[in-house]
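1. kindly generate the corresponding structure for this input.
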Amino acid sequence: MEIELRAKIENKEQLIISIQKLGFELINTKVQNDIYFKHKNEPESMVIRFRVVDKKEILTFKHSKNKTDVGWDEWEIPIQNGDYLQQMLLNNNYEQIIRINKKRIMFKKNDIIFNIDEIENKGIFVEAEIISENLQTSVQKLRHLFESLKITEIIEKGYVKYFLGDEKNGK
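-> Model prediction:
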């Protein structure tokens, strides 16, 4: 299971210095363009994501088995002809719920991936993730990391629910 916490930040440059002082190493920088779909009759605990990175298309099924927005099971597969698959979903009671375009700077230390995301029209966010079946221990570990970075306003929602909530509230 992929366990993630997020936060909105203001000072990307200072955070990069701080995360590297903690021993995180830069892995890469990439642009990710995501389109999310869900079935019209299902809750958002199962979504389908189409991602384009470096002209490569990836289809991802995401399911929250704990009914939380912190831990998700994910299944990814490279695809071709993503436009055709998207149209197939739209013709079968799926709806596009959001697009998220971001520039991602990715760092890693041991079992933690730390991303700094510049999200189009939304701002700069951080996302820390651990792959684990132990939800509580992993969330505590990520919270401790955020505390050590002086990040206090933690977002316990995925980008999809967080941004959809902003849109519903007129932000």
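
2. who does the lowest-mean-pLDDT helix or strand in the chain touch, helix- and strand-wise?
-> Of all helical and strand segments in the chain, the minimum by mean pLDDT, DSSP states H and E falls on helix 159-168, at a mean of 78. Packing contacts for helix 159-168, counted by 3 or more CB pairs under 8 Å, 6 or more residues apart in numbering; DSSP states H and E, involve strand 94-109. (Each C-beta comes from the backbone N, C-alpha and C, glycine too.)

3. kindly recompute the last result at 10 Å.
-> strand 2-9, strand 25-39, strand 46-53, strand 94-109, strand 112-119, strand 123-131 (3 or more CB pairs under 10 Å, 6 or more residues apart in numbering; DSSP states H and E).

4. adding mean pLDDT, distance to residue 19 and mean neighbour count, write those strands out as a markdown table.
-> Converted to a markdown table, the helices and strands packed on helix 159-168 look like this (pLDDT from 0 to 100; distance: least, CB to CB, whole Å; neighbours: other CB atoms under 10 Å):
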| stretch | mean pLDDT | distance to residue 19 | mean neighbour count |
| --- | --- | --- | --- |
| strand 2-9 | 94 | 11 | 20 |
| strand 25-39 | 96 | 9 | 15 |
| strand 46-53 | 92 | 22 | 18 |
| strand 94-109 | 97 | 6 | 16 |
| strand 112-119 | 98 | 6 | 19 |
| strand 123-131 | 96 | 9 | 19 |
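
5. which of the ones you listed sits closest to residue 77?
-> Among those, strand 46-53 comes nearest to residue 77, with 11.1 Å by CB to CB.
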